[in-house]
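> take this sequence and fold it.
(2 chains)
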Amino acid sequence: MKRILIAAAGVLALSAGVAKATTLDDVKARGALNCGVTQGLPGFSSPDDKGNWTGIDVDFCRAVAAAIFNDANKVRFTPLSAKDRFTALQSGAIDVLSRNTTWTMSRDTTLGFNFAGVMYYDGQGFMVRKSLNIKSAKELNGASICVQTGTTHELNLGDYFRANNMKYEVIAFSTIDETVKAYDSGRCDVFTSDQSQIYAIKLKLTNAGDHIVLPEVISKEPLGPLVRHGDDQWFDLIKWTYYALLNAEELGVTQKNADQEVNSANPEVKRLLGSDGKFGEGIGLSNDWALRAVKQVGNYGEIFDRNVGPNSPLGIQRGLNKLWTQGGLQYGMPIR
Amino acid sequence: MTDASLRGGEPTRRWSWTDPKLRSLVLQGLLGIFLIGMAWAILANAQANLARQGIASGFGFLDNSAGFGISQTLIPYSESMSYGRAFLVGLLNTLLVAFLGIIIATIIGFLVGVARLSDNVVIKALASAYVEVTRNLPPLFQIMFWYIAVLAALPNPRQSLGFGIQPLLNALGDGAAAIGLAPLGAALKGFAASFGTPGVFLNNRGLVIPRPLFEAGSDVVGLALVAAIVLIFVLARWAKRRRVATGQQFPVFWTSLALLIVLPLIAGAATGFPVAFEKPELKGFNFAGGIRVIPEFVALLLALSIYTAGFIAEIVRAGIVSVSKGQTEAAASLGLKPGLTMRLVVIPQAMRVIIPPLTSQYLNLTKNSTLGVAVGYPDLFAIFAGTTLNQTGQAIEIIAITMAVYLTISILTTIVMNWYNRRVALVER
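Predicted coordinates:
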């Protein structure tokens, strides 16, 4: 009988588990943010030689941790394959997925996620061997193509080749390393992925100079962080951390000058850094949340330059990722 | 506690906790209710959570178009077809590699198992080495070995290794010229040239072979093949009856083989060989036409067959050793030759020991085929529990279907093997 009672209590506990605490409470109680990242993609999320995670997606999670805990290091990074990333977020194994993930309608709706913003505007491209003498993606009829499974690239390929009435053979691997290895060993004529990713991977190939990236960009790939449905406060927190990083760049608030800027005469800066208004309370944090994020991680521009921009081995131009004031697409919603 | 029947078979039942039958009934009932409640709680919890997070549920997604390509399709498939179709493609790919793997593993396993018992020291040592190497390396490692170390090292399509009658004739021609028979060499080479390019190519994109195109009249050849098979069955029954009645042997095997070859050949000659071959040709990036066997499939098939064969060899050896030496001696004293002793006396008895663990190995091979995901082989697990799950996000439905499929394949395998086991089992008299 005793055992049955214990088991019955177990059933009760199970059904009681439906009514959950908020994600923010869970994160605070845990003392760390669980952040899903790639298994290693330079510039976006990859561990350095000392095992520290670096990259634009990693820095976003660090900014969130800084906003919550005032400590950018209170993040546990979970490396996920493209195939497994969504299940990890759905099941609650991670709090936020910051893993160069393309914002699509089906992911935003039927998969049960909310995208918080676009850390990087990208597009899908192709890389081939120079020796093939190919100048355009339109010449790829009949090619074997290596792609990572569980990505939008797999679907874009189908669309692009059908639209151009071309045939192709797709070999889909579950991790990016396997995909790259297969391309490098000559199993495929073409490697396809986001262009930013292709540039990062080109550096890792045996003879980087033997490969070229074709000019065509065949899709829109807005890459950004996402959370699961069902906790609007947490969604707001992630979304506004992203906007805060953008607004900081727009207002000239940097990692170095953030502390002085608190006393700035500009009311927009004051609202951003918490010296005016009670905006942090709206997302369950103290009002200087954005100050903490920018001070520890930097504004969007600093994050970009450090990881993928001119100050990084990738050396990618800002392009579409410039602020709207400079002709790009990055636009931070006003804090007021 | 004694059983109620031992207490003198009391007809009246007292509803009391001291009645063990009643007590166990009540406890089992409670356990049943508890398990059902547990299952219900899990289901309700999952459903509530899915609804709360706005995740789609149900099986309607199977009709949505898949949108992704698949590298090996046994049935027609394109990106515009449904997830349900992609599921079928993946299922057939799994069945293909499992079925062929089981056949190859069984053949290698039996040969190596018998070889380990050989009196020839070299054969015995080779067989032992095979077993120790294949059995002790992880299957994933073996798949990667064949894929990366062996198949990826093949030349690219433009430098394919060609196989066919032409290179053979060319080589013969070279040989003839080298030993001073220049006219013969030239004749052979000229003959070779008349064959055109070779039909079979091997490169790092796989093995390309000509595709047979069946023209009008090929159904006659097919009918002849069926007729030959029927005849073989009739022949086998007749031969057995005659042997039982008169004790005379009839060469059933060779006659059957002859029937199987000669009958379709005659039919083919009568209809003017109605089979043409579509030869693969290098076009752009790769070969167009013909049938291509992708390296992912070859790597997975080789690795699974060779790995499982190591275990089967040990099972076969154990089965043969389990047959007592007296059986062999008795057979010999009756004048049976060693080959017949093995076939008629030892193997049938060994089968009783071999079949049950062999079934487990067949199941293992089928399940290990999911490791093909590491080399991009589009099996059920990769296509359905991988790509489709990721695209639709419907983990619960897809995992349930995938579980049901592997369970069904395994149970069907078990049923067939158990049926065979009953047939070979020792009939106790």
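
> so how far is chain A from the nearest residue to B:Ile383 once chain neighbours are set aside?
Leaving out its chain neighbours, the residue that sits closest to B:Ile383 by CB to CB, 6 or more residues apart in numbering or on different chains is B:Gly90, at 3.3 Å. In short, each C-beta sits where N, CA and C put it, glycine included. Distance check for B:Gly90 against chain A: by CB to the nearest CB, to the nearest Å, it reads 12 Å.

> please report the distance of A:Leu329 from A:Leu223.
Applying CB to CB, to the nearest Å, the value for A:Leu329 to A:Leu223 is 12 Å.

> same deal with A:Cys61?
Here A:Cys61 is placed at a distance of 14 Å from A:Leu223 (CB to CB).

> again with A:Val27
In this structure, A:Val27 lies at 23 Å from A:Leu223, with CB to CB as the measure.

> go on, A:Glu216?
Counting by CB to CB, the separation of A:Glu216 from A:Leu223 is 19 Å.

> out of these two, which sits in the more crowded spot?
In this comparison of A:Glu216 against A:Leu223, neighbours counted by other CB atoms under 10 Å in any protein chain shown, the higher total goes to A:Leu223 at 22 against 16.

> now do the SS call for that one.
What DSSP: H, G, I helix; E, B strand; the rest coil gives for A:Leu223 is strand.

> correct me if wrong: it contacts A:Ala116.
No - under the criterion of CB atoms under 8 Å, A:Leu223 lies out of contact with A:Ala116, with a separation of 11.7 Å.

> give me the low-pLDDT residue ranges for the stretch 1-150 of chain A?
Low-confidence segments of the stretch 1-150 of chain A, defined by pLDDT under 70, span residues A:1-20.

> where do the helices of it begin and end?
Per DSSP state H, counting those that start in this stretch, the stretch 1-150 of chain A carries helices over the ranges A:2-16, A:23-30, A:56-69, A:85-90, A:105-108.

> can I get the CA coordinates of the third one in PDB?
These are the backbone C-alpha positions of helix A:56-69, laid out as PDB (Å, rounded to 0.1, in the frame of the first residue of the first chain):
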ATOM      1  CA  ILE A  56      27.900  36.700 -32.400                       C
ATOM      2  CA  ASP A  57      25.200  34.200 -31.200                       C
ATOM      3  CA  VAL A  58      27.200  33.500 -28.100                       C
ATOM      4  CA  ASP A  59      27.600  37.200 -27.300                       C
ATOM      5  CA  PHE A  60      23.800  37.600 -27.500                       C
ATOM      6  CA  CYS A  61      23.300  35.000 -24.800                       C
ATOM      7  CA  ARG A  62      26.000  36.700 -22.700                       C
ATOM      8  CA  ALA A  63      24.200  40.000 -23.100                       C
ATOM      9  CA  VAL A  64      21.000  38.300 -21.800                       C
ATOM     10  CA  ALA A  65      22.900  36.800 -18.900                       C
ATOM     11  CA  ALA A  66      24.500  40.200 -18.100                       C
ATOM     12  CA  ALA A  67      21.000  41.800 -18.100                       C
ATOM     13  CA  ILE A  68      19.700  39.200 -15.700                       C
ATOM     14  CA  PHE A  69      22.600  38.400 -13.400                       C
END
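
> what about that helix, distance to the chain center?
Centroid separation between helix A:56-69 and its chain, computed with CA atoms, centre = their mean, to the nearest Å, is 12 Å.

> who are the packing partners of that helix?
Judged by 3 or more CB pairs under 8 Å, 6 or more residues apart in numbering or on different chains; DSSP states H and E, the packing partners of helix A:56-69 are helix A:23-30, strand A:33-37, strand A:75-79, strand A:96-102, strand A:221-228, helix A:232-250, helix A:289-297, helix A:300-307.

> which other residues reach the second one?
In other words, strand A:33-37. A:27, A:44-45, A:53, A:55, A:57-58, A:61, A:64-65, A:68-69, A:74-80, A:85, A:88-89, A:93-99 (CB atoms under 8 Å, 6 or more residues apart in numbering or on different chains).

> go again using 6 Å as the cut-off
Strand A:33-37 has contacts (CB atoms under 6 Å, 6 or more residues apart in numbering or on different chains) with A:27, A:45, A:57, A:61, A:64-65, A:75-80, A:85, A:88, A:94-99.

> who does that strand pair up with?
Based on DSSP bridges, the strands next to strand A:33-37 in the sheet, each with its direction, are strand A:75-79 (parallel), strand A:96-102 (parallel).

> mean pLDDT per helix and strand in chain B: which one sits at the bottom?
Taking all helices and strands of chain B together, the one with the lowest average confidence (mean pLDDT, DSSP states H and E) is helix B:182-193, at a mean of 66.

> tell me which parts of the stretch 51-200 of chain B are close to chain A?
Near chain A, the residues belonging to the stretch 51-200 of chain B are B:52-56, B:67-69, B:71, B:79, B:152, B:156 when assessed by CB under 6 Å from any CB of the partner chain.

> any of those buried? List them.
Burial by neighbour count, judged by 16 or more other CB atoms under 10 Å in any protein chain shown, picks out B:53-56, B:67-69, B:71, B:79, B:152, B:156 from those.

> including pLDDT, could these go into a markdown table?
As requested, these are exported to a markdown table (pLDDT from 0 to 100):
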| residue | pLDDT |
| --- | --- |
| B:Gln53 | 77 |
| B:Gly54 | 78 |
| B:Ile55 | 81 |
| B:Ala56 | 81 |
| B:Gly67 | 89 |
| B:Phe68 | 91 |
| B:Gly69 | 91 |
| B:Ser71 | 89 |
| B:Glu79 | 89 |
| B:Ala152 | 85 |
| B:Asn156 | 82 |
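
> so which of those sit within strands?
If you go by DSSP state E, these have nothing in strands.

> among those residues, which ones are in helices?
Secondary-structure check on these using DSSP state H: residues within helices are B:Gln53.

> what residues does the stretch 51-200 of chain A put near chain B?
Taking CB under 6 Å from any CB as the criterion, the neighbours of chain B within the stretch 51-200 of chain A are A:83, A:86-87, A:110-112, A:142-143, A:149-150, A:154-155, A:158, A:169-174, A:185-187, A:189.

> can you pull up the bridge partners for A:Glu169?
Applying DSSP bridges to A:Glu169 gives these bridge partners: A:Ser144.

> my guess is it contacts A:Ala143, does it?
No - here A:Glu169 lies out of contact with A:Ala143, judged by CB atoms under 6 Å, at a distance of 7.3 Å.

> re the thing from before, quick one: buried ones out of the contacts of strand A:33-37?
A:27, A:45, A:57, A:61, A:64-65, A:75, A:77-80, A:85, A:88, A:94-99.

> who's in contact with the residue positioned nearest the centre of chain B?
Among the residues of chain B, the one closest to the centroid is B:Phe99, at 2.0 Å (CA atoms, centre = their mean). By CB under 6 Å, 6+ apart, the contact list for B:Phe99 is empty.

> let me know the pLDDT of it.
In this model, B:Phe99 is scored at 95, pLDDT.

> doesn't it lie inside a helix?
Yes - the assignment for B:Phe99 is a helix, going by three-state DSSP.

> against B:Ile401, how distant is it?
Separation of B:Phe99 from B:Ile401 (CB to CB) stands at 21 Å.

> then A:Asp49?
Relative to B:Ile401, A:Asp49 is positioned 44 Å away (CB to CB).

> more crowded one of these two?
A side-by-side neighbour count of A:Asp49 and B:Ile401, using other CB under 10 Å, places B:Ile401 first with 18 against 5.

> how about the more buried one, secondary structure?
Per three-state DSSP, the secondary structure class of B:Ile401 is helix.

> what of A:Ser193?
Using three-state DSSP, the structure places A:Ser193 in strand.

> how about it, nearest residue that isn't a chain neighbour?
Computed as CB to CB, 6+ apart, the closest residue to A:Ser193 that is not its neighbour in sequence is A:His153, at 5.7 Å.

> ok, the one you found to A:Gln39 distance?
When CB to CB is the yardstick, A:His153 and A:Gln39 sit 16 Å from each other.
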